[in-house]
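**Q** Provide a 3D model corresponding to the input given below.
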Amino acid sequence: MPRRRGRATARGTGSASRRGAESTRCAPGRDTGSTTGTRSRLRTPMNPTLGAAAAAIATVLLAQDPPQRPTFRASVDLVPVDVSVVDKDGRPIQDLKREDFTVLVDGRPRTLASAEFISFARATEAPPPPPEDYSTNTTAVGGRLIMIAIDAGNIGPGRGKIAFDAARRFIGTLNSADRVAIATIPGAGPQIDFTANHALVQMLLQRVVGQAQSDGGGRRVSLAEALAIDRDDPTTLSQVLDRECAGAASPGERQICRQELLDEAHSLTMDVKQRARNSIIGLQHVLDRLASNEAPKTMIYISEGLVIDRDISELSWIGGAASRAHVTMYVMQLDQVSVDIAEPRPSTTRGADRQTMMEGLETLAGATRGDLLHVVAGADAAFRRLGLELSGYYLLSFEAQAGDHDGKTHKIRVDVNRKSVEVRARREFNAGAVAHRSNEDMVVETLRSPLLAADLPMRVTTYALQEPGSSRLKVLLAAEIDRSLNPDANITLGYVLVDGKGKMAASEVERSLKTPIDRRTQTQAYLGAALLEPGVYTLKVAAVDGTGRRASVERSFKAQLNMLGQIHATDLLIADNSGPVGASGLVPTITANFAGDMLHGYIELYSEVPELLRQATVRIEVAANEAGEPLDSAVARFQDIPDGGDRRRAAETGVAIALLPPGEYVARASIAVGGHKVGQVTRPFRIVRTAASASGERPAFRSGVPIAFASRIDAFDRHAVLAPPVVGFFLNRLSATAASNTAAVTPALDHARAGRFTDAMEAPKGTSDDQLAAVFLGGRALLEKGELEPAAAKFRTALKLDSEFLPAAFYLGACYAAGGRDREAAGAWQTSLITESEAPFIYTLLGDALLRLRDADQAVDVLREARSLWPENEDVQIRLGTALVMSGKAGDALAILDPYLARHPDDVERLFVALRALYEARAGGHPIGAPGEDRARFARYAEAYKAAHGPQAAIVAEWRRYMDKK
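**A** A predicted model of the protein is given here:
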């Protein structure tokens, strides 16, 4: 019957979740964190195909006490009809409009709602290779389902090779998205379900042989004569008797001859009818199996003939069965002319025999929207015509009327107002009652379908871990569904896992996916787990939303650990810091398309030798390829695993990737024992961050990743503020402040200038106004000892004694900075700028603190003021250049850094800042100068950086490749 389609609307709601959703961190050995709503689970191995496994899921769903389930009704009930319109050569006519078609149902015209030409033209370019680390339906293109059905029981031995070889060549012309199957009828021969492995089908076609028994060519009664005689046709019997028994000498001999002819006719009739019956039964089974999904299919039926002897009731079922299975049959009849000529006694009714053999085949083709093609010498011409006809068809639709769903067969006729064309359409359909299907029903249908559904983009990957206390593996099944089209609709998801022997290993259905939608990427994740024996598996995941949109992805993988001598390692789980973080940590990646600043890696190690695990180290590396030099790396931290004992350890760490340009990379877990590398586990990833700012502004440095500046900028150096020049500067301020007590303060200052701060702290005691000097010098002594909080208390006391004594504010800021409290340090130092503006080191220390806080704009303001005061001070210059780069003002930064680098070509830290400025300006779409000028300047800095043995040479090389591509 024609396939129903329409826009579905939900009538009900799904069952409430009995279990909340959990995220899984990069440590799934402790918790699989399956995203669950109400589940249906089937773990018993059953059937040998994904379709059979999906049927098993349906059985389990029906066996449950069903909660209130969502059902769907088409808001406009449309009946689609497949129609082929071809010219005399079999080439589809592609320019017909809706008004060019006329559709009659039971003799009455229907108004068409649509007429769409569906093209399957062969792709001119090969599709890009699929990613290895995940599978997706985003690259799936509309494919066809083509079955080669070989009626081996009606093909003589050795008589079909020409057609089978032509079929192999025909398969070689198909699109890679097409799925091909083989069915040998009545069953003794190659059988394979729809597969994208065209080479396998071509190989199996070489094994097909005809099975019809030959009579050796000594037959006296032709096929047409035998059938007529079996029908008690006296004229035919008389003619055969006159021809074959003319030499009978007596009535007895003639009677014997007559009986022999009757026996031969009956034997031949029984043989051809039995072969036809076997073929019809086999064809019924094939069509019943194909009816399990609604995808259109083409069957190429190859046979020498199908004898029904005028009894078309033998095939009265074919139209309805083909319609239910959505099958169009193209029948290829292998002609026996050359065989007949070679026989000792060629048939005397060759034309009638051919017509008799063709009668059943014509009925098959005519009732199923197909055509009958004759193969006389070679089959390539027939397959070429078939290839043309299959390159496109029209999908018509008309609005159903109430009587269309009465369960009865209705006649349908399709015509076009175009001359010299041939229209192939079904002659009848039986739409049946309108079915209301739940999400679960549609998931099962989608899992059964050989073709991928791509209404919703979906991606799937797997990770293998060891199940504690078992030989089985815990395989994480991760899926990501694009929700941009339906952010509020319910999603039902199911999967089946089939092992290498075709048996189902696991299955599950989530009636309502409960994980939150990532609003940044508009995706929803699913994370489940299955316990599997090591081996090869095929996973198929399907999802359906509340509007009827479908998605499905198929992935083959090998469930195994990585064997590194006596150490076994899991897959390397990776994630970045741009995605959602659940209660248990980061969710492992599916696509490994990273837009964040940090890559997080997690791996588990197992060994029966605990000492090896204790000696093991893991370094997570980022490289351009599996064998490339590390661009960056970090030593992983080991952690305990619950129930892991001393034979299982987990390691994880993060590696900065903010400096890497967009492109393909590899994350590596390099594993060593006792300092000797024993192996590595890798996983590819891609950096896909958009460098260009959507607003058109210049891109600023990312705030979440440390920049490789010098330690004097990255971290505060307490000893720098205790150096004699700095101390002397503030001692002079103390001397000026305590001028009224010079006699008491002078000895203290002398001790302090000599570095005797304990003595300096004691000298002012005993005078009425000596507290400020004693407190300040005491704080200075405590700071030198590293006693930060007591020193800070002294300086705060000094400020209470004299709020204008800003040297105390400076050293209070030093106490904060030494304790990692840069925000408080910056506040204190900004206070000290009020009266101590002639000290450049206060500006540089404040600039450093603001840079550490990633407050680049404020750092620029402070350092620009410092440069106006000390234009030749290089400490100020390099910090201002850095701050300008961080704030996205690369051109201004290089105007300051370029003269400095000309004087200091070995300053690798500043060279790296300048290189990064040039790279990010170009990557962000805001080059500083002309492309050639920027490349030349970058090359000059890069050569200087290389000559100075800069530590980030690998990253600079990546940037240079990126710059050179522009």
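**Q** contacts, neighbours, all on C-alpha from now
**A** Noted.
**Q** what about residue 310, how many neighbours?
**A** Neighbour count of residue 310, defined by other C-alpha atoms under 10 Å: 10.
**Q** what's the distance between it and residue 914?
**A** 90 Å (C-alpha to C-alpha, to the nearest Å).
**Q** Show the pLDDT at the residue of the chain most remote from its centre.
**A** For the chain, the residue at maximal distance from the C-alpha centroid (C-alpha atoms, centre = their mean) is residue 250, at 85.1 Å. pLDDT for residue 250: 86.
**Q** what does residue 428 give?
**A** Taking residue 428 on its own, its pLDDT is 81.
**Q** so who does the closest residue to it other than its chain neighbours touch?
**A** Of all residues not flanking residue 428 in the chain, residue 411 sits nearest, at 4.3 Å (C-alpha to C-alpha, 6 or more residues apart in numbering). With contact taken as C-alpha atoms under 8 Å, 6 or more residues apart in numbering, residue 411 is in contact with 104-107, 427-429.
**Q** Select, from the residues you listed, the two members most distant in space.
**A** Every pair in these was compared (C-alpha to C-alpha); the two farthest apart turn out to be 107 and 429, at 13.4 Å.
**Q** Of these two, give the one with the bigger neighbour count.
**A** The residue with more neighbours, out of residue 107 and residue 429, is residue 429; 24 against 11, by other C-alpha under 10 Å.
**Q** Surely the more buried one and residue 413 touch.
**A** No. Taking contacts as C-alpha atoms under 8 Å, residue 429 lies outside contact range of residue 413: 10.4 Å.
**Q** What helices and strands are in contact with the longest helix along the chain?
**A** Looking across the chain with DSSP state H, the single longest helix is helix 251-290. For helix 251-290, the elements it packs on are strand 179-185, helix 223-230, helix 234-244, helix 318-325, judged by 3 or more C-alpha pairs under 8 Å, 6 or more residues apart in numbering; DSSP states H and E.
**Q** tell me the angle the longest one makes with helix 223-230.
**A** Looking back up the chat, that one is helix 234-244. Put simply, helix 234-244 runs at 120 degrees to helix 223-230, going by axes from the mean of the first three to the mean of the last three C-alpha atoms, to 10 degrees.
**Q** if I look at residue 82, how far off is residue 288?
**A** In terms of C-alpha to C-alpha, residue 82 sits 20 Å off from residue 288.
**Q** neighbour count winner among those two?
**A** Shown here are residue 82 and residue 288; by other C-alpha under 10 Å, residue 82 has more neighbours (23 against 14).
**Q** which one is the more buried one nearest to, not counting chain neighbours?
**A** The shortest distance from residue 82 to any non-neighbouring residue, by C-alpha to C-alpha, 6+ apart, is to residue 395 (4.9 Å).
**Q** OK, contacts around the one you found?
**A** Neighbour list for residue 395: 80-83, 114-118 [criterion: C-alpha under 8 Å, 6+ apart].
**Q** Kindly report the same for residue 801.
**A** residue 772.
**Q** Can you give the distance of the host helix or strand of residue 880 from its chain's centre?
**A** Element membership of residue 880, judged by DSSP states H and E, is helix 874-886. Chain-centre distance of helix 874-886: 44 Å, with C-alpha atoms, centre = their mean, to the nearest Å.
**Q** in that helix, what counts as buried?
**A** 876-886 (16 or more other C-alpha atoms under 10 Å).
**Q** Could you name the helices and strands sitting against it?
**A** Judged by 3+ C-alpha pairs under 8 Å, 6+ apart, the packing partners of helix 874-886 are helix 840-852, helix 856-869, helix 890-903, helix 908-923.
**Q** report the angle between the axes of that helix and helix 908-923?
**A** Relative orientation of helix 874-886 versus helix 908-923 (the same axes, to 10 degrees): 30 degrees.
**Q** what does helix 874-886 contact?
**A** 700-701, 840, 843-844, 847-848, 851, 854, 856-857, 859-860, 863-864, 866-867, 870-871, 890, 892-894, 896-897, 900, 910, 913, 917.
**Q** Buried only: go through the residues you listed for me.
**A** Buried positions within these, assessed by neighbour count (16+ other C-alpha under 10 Å), are 700-701, 840, 843-844, 847-848, 851, 854, 856, 859-860, 863-864, 866-867, 870, 890, 893-894, 896-897, 900, 910, 913, 917.
**Q** domain ranges for this protein?
**A** The record's domain parsing of the chain by automatic domain parsing lists 19-67+436-560, 78-121+393-433, 145-212+281-390, 223-270, 562-688, 707-837.
**Q** Show the low-confidence segments of the stretch 551-700 of the chain, by residue range.
**A** Along the stretch 551-700 of the chain, segments meeting pLDDT under 70 span 579-586, 644, 690-700.
**Q** Would you state the strands of it in chain order?
**A** Ranges of strands within the stretch 551-700 of the chain are 562-564, 567-569, 573-576, 581-582, 585-586, 593-594, 598-606, 616-623, 630-635, 637-639, 648-656, 663-673, 676-687, based on DSSP state E, counting those that start in this stretch.
**Q** re the thing from before, who's the residue nearest to residue 82 bridged to?
**A** Beta-bridge partners recorded for residue 395 (DSSP bridges): residue 82, residue 116.
**Q** and the gap between it and residue 680?
**A** Distance from residue 395 to residue 680, by C-alpha to C-alpha: 53 Å.
**Q** Number of residues surrounding residue 576?
**A** 24.
**Q** How about it: what's its closest non-neighbour residue?
**A** Sequence neighbours aside, residue 599 is the residue nearest to residue 576 in space, at 4.5 Å (criterion: C-alpha to C-alpha, 6+ apart).
**Q** Mind listing the residues bridging to the one you found?
**A** Note on residue 599: beta-bridge partners by DSSP bridges are residue 576, residue 655.
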